[in-house]
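Colleague: Build me a structure from this.
(2 chains)
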Amino acid sequence: MMRTYAGHSDAKRSNELYRRNLAKGQTGLSIAFDLPTQTGYDPDHELARGEVGKVGVSIAHRGDMTTLLHDIPLDQMNTSMTINATAAWLLSLYIVAAQDEGIAESELQGTTQNDILKEYLSRGTYAFPPGPSMRLIADTIAYTVTHVPKWNPINICSYHLQEAGATPVQEIAFSMSNAIAVLDSVRERVDPSLMGEVFGRISFFVNAGVRFVEEHAKLRAMGELWEELGRERYGVEDPKHLRFRYGVQVNSLGLTEAQPENNVYRITLEALAVTLGRNARARAVQLPAWNEALGLPRPWDQQWSLRLQQILAYETDLLEYGDIFEGSKVMDGLVSELVAGAREEMERVRELGGAVEAVDYMKSGLVESHRERWRRIESGEMVVVGMNRFDSTEPSPLTADADGGILVVDPEVERERRAALDEWRATRDQAAVDAALAELARVARDPDENIMPASIAAARAGVTTGEWSQTLRDAFGEYRAPTGVGEAAAVSGEDLIELHEEVERVSEALGRRIKFLVGKPGLDGHSNGAEQIAVRARDAGMDVVYEGIRLTPSQIATSAAQEGVHVIGLSILSGSHAELIPAVLEALREAGVGDIPVVVGGIIPESDAIALREAGVAAVYTPKDWDLNRMMRDIISLVAVRHSVPA
Amino acid sequence: MARDLSAAPAVLNLVESRTAHAREQAAELLAAVSPSALGREAGAHIVGLTGPPGVGKSSLLSRLAAGWRAREQSVAVLAVDPSSRRSGGALLGDRARIEHDPRDRSVFIRSMAAGDRLGGLAPATRAAAGVLAVAFDVVVIETVGVGQSETEVADVADTVAVVVQPGAGDVLQFLKAGIMEVPDVLVVTKADLGRVAQRTAADLHAALRSLGSDSTVVVVSSLPPGSGIDELLAALEAHREGLDLGRRRLGARRAHALADFVTEYGEHGLRALGGRREAQRWLGAQDAGSDVPALVRALEQRADRAGGAPASRPGS
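Modeller: Sure, this is the predicted structure:
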């Protein structure tokens, strides 16, 4: 099956995009939701500011879902929804929208990502604490296995673990441990006779990096461990149920902003990792666009990725042979090495009480691996062509367009969405909404109930995404995931000594140690970069205040003022910098600390960077600024200049 | 500055600063808020909250802060985190875990790196607590660790609460062996673990009885939904009410002065005072209203007369 991850702005615009993609030969839908929808906030919530319609489509209620799917044959469609914390809710909206078209829920085919642990570990769009979140997952699985039998209720994601720096062993072990935690909680909620069905409906969403031989071995290792798990832990016998089913999005972490055209080669090689050997071939492949490190891909960028898959499938002879690695000593050796390493890590997680209890352990392990990977890139041990080697280039005709080569979401969308939401609220049957929310609250507080029927009823009554989520937040409590940075190894190295001395010198002159606030405003949960910067600043000798993701401008300003920091670093990867950074600057001025220098990092086109500097930002960093030590030197010197410390 | 809460960040910057100029100003400030200048002890309840990492101190603090705010009490938190011995830098991440409204000007949170004081307080923490105690109703010092940190915290705080999780064998051992001092309040978190939590509380009660301590209160708390918080607030308050505050604060100032002196002059300086015991005895005879810098100056002069320490602090 071929599809591309898409969606932006509102339901109407995304619907047009989907219908165009389907006309070009795409065979399924893959819906990208915006961050407010993913984290359970309505477009008019304070935290939604700057994020509405940005990284995906904004879906606030049944009406939006109906518009999104207009004229798309849902009984024939295989729909993948990248939705996690609010998966039960978006699935409810999907079911209601289908029923309105006269299609029964039992006919529906598709996938909800619905994997919360990797949200705590990497992606950051969680809404509820781990315990209740696992219950929501178990509820959707228990519900779909009987009511929506062709639905894949969960996609266990190892993809984001690799994006967060996971080694192949960590990727295998953490995702398998995650699957165990999910299956163990489902086991308590379904009839034992259904466990085979449940096991068979669990699919994985994996990553494939450019080291494509090892990556292929990784997939074979996962298949081996998965089958063993099914047989031994859950007593599954049917070979059909035991098959390791996975979809793939190939690596984004390795895509470069420098010479982005080279990413096309990387993506091609990564696609081979997941298709080469028939015994471990992906069921569904999603390829990123070549310019993903620059911003949101345009339709043409997506078409280019789709064509690659079509060439692989229809022009090459890839699909004509049996498994080409069968009997390969090299491949078998690699696989058994990975299996052994993964078993050891899984045992560790088990000793800590399972994946839910081991979130802190896994998170700090990932931060550590990512730190090591970054160190190897900086030292040149790991070659990234066009970035840390072979970096001279002719001017690129591809990125020369005026729009910087990326799709820009109209800022008007947010205003439109707020107005539309007001209208929805004003015209719905409020009494029905209140009753549905009261029932939802009751069900949420009773762990023996399944959340799905009450959610479907709420969707039908016209409840909004924010209302559904708030009801559950009230019942379950709020949660902040571990940042993992406190446990990251403190390294000392040649390259750090010079930085360290400079920090000491400037700190001495200031009278106290340089204090650096690293903040992530808005809903963007991609914290890997911010974490690495926080750790590096600590290793350079600074005192670093890092609070994790999802901060409002006023929270950041309050922290900056109360903590007495000398410099502030803000990281945003969702593309909402144009709205959020000025909002933070304004909040800083209001808090009386508008004179603290601010640096910004993210996927920021040059035209936006100019505007940010004009607004008062001291420096803007993008993925091409991969040398963290250089960034640290800049930051120290900003502080020195601001406080008139002589060089 | 009596009740101007907005001055807190600037005051903290000042007491943390090691430049000669800042230290003079800080000394003036401390003198201005000393009991002899105020005519009384600073009004805040200084609470030390300590325990091993991951035990839920920050969640507990969120609930406590909400409880104090509900009673319209202003709250300052000094969250002390360890520094890396290798780089001297530190990662300070606790403030986000303490839920509060960022617009609420009556909640002040400051993260402090402990510097080279492993398991203990940042050099400026004592002074910061002393100054904040004039302006806020409650000052909380949050530290990480078991066995050392509560000892230092006890030298500053009016009430020390040690937080442990169910099954905390180390705390039990440390208590019995006298490695840690007996805290004023013991909090067992994660009461949702049910019998394990109750058993831990019972074990702690038994250990305290065998040590002849009948004043320590053991509170069992769960998060969420936050049961036991009212009980904990009441226990903290009851301890403070039963306290001879003047005596405890006086002891704290003298301990603070000696600690500052030792930071500056080390063992050599201490020997010039005739050893730690002798120095403590001598401090005990000084004016009860003296502020910390005055006491440090007195110690310096005494050491100087004995020919052991420089006549004045370097750089002042």
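
Colleague: quick one: low-confidence ranges for the chain?
Modeller: This is for chain A. A:1-5, A:293, A:295-296, A:400-408, A:492 (pLDDT under 70).

Colleague: meant chain B actually
Modeller: Chain B contains residues with pLDDT under 70 at B:1-3, B:117-120, B:146-150, B:168, B:191-194, B:223-226, B:307-316.

Colleague: How many residues are close by residue A:642?
Modeller: Residue A:642 has 15 neighbours, counted by other Cβ atoms under 10 Å in any protein chain shown. Quick note: C-beta positions are derived from backbone N, CA and C, even for glycine.

Colleague: what's the answer for the one 3 residues further on, then?
Modeller: Look at residue A:645: counted by other Cβ under 10 Å, it has 16 neighbours.

Colleague: Pull up the gap between the residue lying closest to it once chain neighbours are set aside and residue A:544, please.
Modeller: Spatially, and ignoring its direct neighbours in sequence, residue A:645 is nearest to residue A:509 (4.3 Å; Cβ to Cβ, 6 or more residues apart in numbering or on different chains). As judged by Cβ to Cβ, to the nearest Å, residue A:509 and residue A:544 stand 19 Å apart.

Colleague: between these two, who's got more neighbours?
Modeller: Neighbours were counted for residue A:509 and for residue A:544 using other Cβ under 10 Å; residue A:544 has more, 27 against 14.

Colleague: Check whether that one really touches residue B:84, as I assumed.
Modeller: No. Residue A:544 lies out of contact with residue B:84 (Cβ atoms under 8 Å); the separation is 10.3 Å.

Colleague: Now for these two: what residues contact both?
Modeller: Counting by Cβ atoms under 8 Å, 6 or more residues apart in numbering or on different chains, the common neighbours of residue A:544 and residue B:84 are A:538, B:90.

Colleague: Contacts for the helix or strand that residue A:343 is a member of, please.
Modeller: Element membership of residue A:343 [criterion: DSSP states H and E] is helix A:329-351. Identification of contacts with helix A:329-351 by Cβ under 8 Å, 6+ apart yields A:168-170, A:172-174, A:176-177, A:213-214, A:216-218, A:220-221, A:224-225, A:277, A:325, A:355, A:358, A:361-362.

Colleague: what's the answer for stretch B:169-178, then?
Modeller: Contacts of stretch B:169-178 (Cβ under 8 Å, 6+ apart): B:52, B:146-147, B:162, B:164, B:179-180, B:182, B:203-204, B:207-208, B:210-211.

Colleague: Could you export it as PDB, CA atoms only?
Modeller: Extracted in PDB, the C-alpha atoms of stretch B:169-178 (Å, rounded to 0.1, in the frame of the first residue of the first chain):
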ATOM      1  CA  GLY B 169      14.800   0.400  53.300                       C
ATOM      2  CA  ASP B 170      17.700   2.800  53.200                       C
ATOM      3  CA  VAL B 171      15.900   5.500  55.100                       C
ATOM      4  CA  LEU B 172      15.000   3.000  57.800                       C
ATOM      5  CA  GLN B 173      18.600   1.800  58.000                       C
ATOM      6  CA  PHE B 174      20.000   5.400  58.100                       C
ATOM      7  CA  LEU B 175      17.500   6.400  60.800                       C
ATOM      8  CA  LYS B 176      18.300   3.400  63.000                       C
ATOM      9  CA  ALA B 177      22.100   3.700  62.600                       C
ATOM     10  CA  GLY B 178      22.000   7.400  63.300                       C
END
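
Colleague: Great, nothing more from me.
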